[in-house]
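Novice: predicted model follows, preceded by the sequence.
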Amino acid sequence: MLSRGGFVQLIVKRIYKLSDQRRHTRGFFAMGNTCSNTLGIPPAKGPNAVGCTDFMMDHTTQGSFFRLYYPCQVTETAERPDWVPCREYFNGLADFLKISRTLSERIFNCLFGSFKIPASLDAPFKSNEKCPVVIFSHGLGAFRDQSASATYYFREKTEEEKANKNVPINSAQPNLVEEWMYYRNLQHRENEFSLRNTQVKQRADECILALDKLTEINSGISVQNVLQTQFDWTTLENSMDLCRISAVGHSFGGATVIEALCKEVKFKCAIALDAWMFPLDEEIFPRVKQPIFFINSEKFQWAGNISRMKKLESAVIQRKMVTIRGAVHQSFPDFTFLTSNWIGKLMKLKGDINPEIAMDLCNKATLAFLQRHLGLQKNFNQWDPLIDGRDENLIPGTNITLLQSAI
């Protein structure tokens, strides 16, 4: 049997050879990237155009680094950010999959290098009603976090680097240099729970830190962004409804939002997407007092993981669970939209269900749950039946059979 890394490396090698043989043909690239007109992240379906910008507070590892999505004004010159900003993210993904960076960079760039995010980079904020705040936390092998496959921070230049003209200069912070941090693999004889538990606590703290910074921005406090962006943060003053704050996370991020609920009561509820419960101390479960909605995939979950979710059930606090039929673990993040059916199923990025149907169900169920527990004055309650799993593509609760003794 091949390990996950060995299997993926074998697949990447085969695709790499194909790309070398067929690099001038359109058919190959249509499997994943450049010449395909059918692949890509679907645009938002809400009433507002979507803008995004990046923020890094404190240039050290003690700070926070997040991407903010917000309702924006429509501009003709809007720039769409790259889905993969630079090659270091390919290196991080290779490390996470335990495959060669050299081998993987070309194929990952071929498959994913030209995709754009359907949002306008640094577009002007559109002032309307106050917006609820949702903190998203991604999975262990995703982007934009120290626990991710790759992220970076800035550190002070050494005297040697200051004297070396070949060291890249950051125009906004000339005395700082980028320092990349890659996915933290488990070391020989290292205790995995100890590592992942430490990471999930740190990630929860970073979510809370991001919320604290947004609270300052909403109050009109001037903020220092280490990154050089064109976005005017002062336009966000008094724009957020800080009485309606929630957290949403996928996989490791699903565990993160549960940890965050325990640490910060400002989070009124959470949605855990195919949560990986392993990193959590079970002793925190009784201390979590907010509603939680578990949205799972049919193909990822197992009895031990579901039994830990069940330990969060409560007679007085709403804890709901549904399972999306035919979905896989990667039905929730972007990858499922960026590969053809063949590659997607080969690498377990796609399930049997249409990715857009799965995402639509997930989004509608999430909005219904948020309206219920944040008191939103919208029409999202039309999707309340989804919270109870009432749809042909949903399973109420779980498809996993549990022994009563395991709960």
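Specialist: Received, thanks.
Novice: middle-most residue in this structure, spatially?
Specialist: For the chain, the residue nearest the mean C-alpha position is H138 (2.7 Å; C-alpha atoms, centre = their mean).
Novice: hang on, that residue packs against G249?
Specialist: Yes. Using C-beta atoms under 8 Å, H138 is in contact with G249, at 7.3 Å. (C-beta placed from N, C-alpha, C; glycine too.)
Novice: for the residue nearest to the centre of the chain, report the pLDDT, please.
Specialist: Predicted confidence (pLDDT) for H138: 93.
Novice: start the count at 36 instead of 1 going forward.
Specialist: Fine by me, first position is 36 from now on; the one you just mentioned is H173.
Novice: roughly how far does it sit from H285?
Specialist: Going from H173 to H285 by C-beta to C-beta, to the nearest Å gives 6 Å.
Novice: can you pull the residues that touch both of those two?
Specialist: The contact sets of H173 and H285 overlap at P368 (C-beta atoms under 8 Å, 6 or more residues apart in numbering).
Novice: leaving out the residues flanking it, which one is nearest to the residue nearest to the centre of the chain?
Specialist: Nearest non-adjacent residue to H173, counting by C-beta to C-beta, 6 or more residues apart in numbering: G288, 5.0 Å away.
Novice: residues in contact with the one you found?
Specialist: 171-174, 177, 238, 308.
Novice: try it again at 7 Å.
Specialist: Neighbouring residues of G288 by C-beta atoms under 7 Å, 6 or more residues apart in numbering: 172-174.
Novice: pretty sure F147 contacts D117?
Specialist: No. F147 is not in contact with D117 according to C-beta atoms under 7 Å; the separation is 9.7 Å.
Novice: do a quick rundown of the strands in the stretch 36-185 of the chain.
Specialist: 84-92, 99-107, 155-156, 166-172, 185-191 (DSSP state E, counting those that start in this stretch).
Novice: so which of those is nearest L396?
Specialist: Judged by C-beta to C-beta, the one of the strands of the stretch 36-185 of the chain that comes nearest to L396 is strand 166-172, at 18.1 Å.
Novice: where in the stretch 86-235 of the chain is pLDDT low?
Specialist: Counting by pLDDT under 70, the stretch 86-235 of the chain shows low-confidence ranges at 94-96, 178-210.
Novice: can you give me the helices in it?
Specialist: Ranges of helices in the stretch 86-235 of the chain, per DSSP state H, counting those that start in this stretch, are 122-132, 136-147, 194-198, 227-253.
Novice: for the last one, packing partners?
Specialist: Helix 227-253 sits against strand 99-107, strand 166-172, strand 275-285, helix 287-298, with contacts defined as 3 or more C-beta pairs under 7 Å, 6 or more residues apart in numbering; DSSP states H and E.
Novice: any buried residues in that helix, and which?
Specialist: By 16 or more other C-beta atoms under 10 Å, the buried positions in helix 227-253 come out as 230-232, 234-246, 248-249, 252-253.
Novice: and it, how far out from the chain middle?
Specialist: 14 Å (C-alpha atoms, centre = their mean, to the nearest Å).
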